[in-house]
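*Asks:* The sequence isn't on hand, but the structure is:
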């Protein structure tokens, strides 16, 4: 038979485990406390709004309110909230091209750009959609616009994020 472990070694191991578990729980709680939802909406005419909150419902309401405040149309006619996307700590891109519009919120700016690019290619295959006549907005995780109103080409906004 082997020699039993000394009690001091067992207590030290247990203390180390409890310390590691405590650090993990503290880190996880802090990360959850910093989690914020980004909601992004765009109306067919290009009016857009962003909302950020720890509560997803509040973020959505703030995005619709922000869109309506930017619109020149009466609130009942804006179309704000007709297309809305939501993500924790996400980057958002919205584009309105003629009568077609698209909203995406990705885990990173590159992920959102990729989804936008896929949308562009699908619509090119469906028929003539002039992307030179588009309005585009790129929204950071804090809800502020990094880019607003640019012509939507196939260039990416990833260079602006650095």
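*Replies:* That came through, no problem. Computed from a prediction, not measured in an experiment: that's the story for all the values here.
*Asks:* which residues of this structure fall in strands?
*Replies:* Along the chain, counting by DSSP state E, strands occupy 37-42, 48-53, 84-88, 91-97, 100-106, 134-139, 145-150.
*Asks:* burial count for residue 124?
*Replies:* 11 (other Cβ atoms under 10 Å). (C-beta placed from N, C-alpha, C; glycine too.)
*Asks:* oh sorry, the question was meant for residue 144
*Replies:* With other Cβ under 10 Å as criterion, residue 144 counts 10.
*Asks:* Contact partners for it?
*Replies:* Counting by Cβ atoms under 8 Å, 6 or more residues apart in numbering, residue 144 makes contact with residue 50.
*Asks:* Please tell me how far it sits from residue 92.
*Replies:* 11 Å (Cβ to Cβ, to the nearest Å).
*Asks:* what's the overlap in contacts for these two?
*Replies:* With Cβ under 8 Å, 6+ apart, residue 144 and residue 92 have common neighbours residue 50.
*Asks:* if we can go back for a sec, deepest in the core, which of the strands of the chain is it.
*Replies:* strand 37-42 (a mean of 28; mean count of other Cβ atoms under 10 Å).
*Asks:* Show me what that strand is packed up against.
*Replies:* Under the contact definition 3 or more Cβ pairs under 8 Å, 6 or more residues apart in numbering; DSSP states H and E, strand 37-42 sits against strand 48-53, helix 56-70, strand 84-88, strand 91-97, strand 100-106, strand 134-139.
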